[in-house]
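In: I would like to see how this sequence folds:
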Amino acid sequence: MAKTIAVKHTPVPRPEDLDIGPPLKQMYAYSQAEFNELVASEQVCQSLHPLPVGLVRTIAKERAKLKAAADSERLAEKAKEREASSILLNQKSDQTGI
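Out: Got it, this is the predicted structure:
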């Protein structure tokens, strides 16, 4: 019973205190440059067909992430353009109204 109580009050190491070892290796024997080429080109994927299903899913996930980033960047640029044009319109209307 005393051991149970002692264990209850023993501090538990936090995840940042734990040494989990070196970073994990990639799932497949492709370098990062080769993987980026697979992500960038559908034709390269077709020429190396059949690829492992897990690799195809990883490539599709990376493509979706890149597309989402590009879409959000494009939307941010459009918003900036709209804001700049509305500021110009406001300035012109202020000048003509004076």
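
In: sec struct for Lys25, please.
Out: coil (DSSP: H, G, I helix; E, B strand; the rest coil).

In: Next, give phi and psi for it.
Out: Backbone torsions for Lys25, taken as degrees, to the nearest 10, come to phi -80, psi 160.

In: Arg82 versus Ala60, what's the distance?
Out: Using CB to CB, to the nearest Å, we find Ala60 at a distance of 33 Å from Arg82. (C-beta placed from N, C-alpha, C; glycine too.)

In: brain fart, Leu55
Out: 41 Å.

In: Settle it for me: which of the two has more neighbours?
Out: The residue with more neighbours, out of Leu55 and Arg82, is Leu55; 17 against 10, by other CB atoms under 10 Å.

In: Which element, helix or strand, includes the more buried one?
Out: If you go by DSSP states H and E, Leu55 is part of helix 53-97.

In: for this protein, what helix or strand is lowest in average pLDDT?
Out: When the helices and strands of the chain are scored by mean pLDDT, DSSP states H and E, helix 2-8 comes last with a mean of 66.

In: just checking, next helix/strand downstream of that one?
Out: As assigned by DSSP H and E, the chain's next helix or strand after helix 2-8 is helix 32-40.
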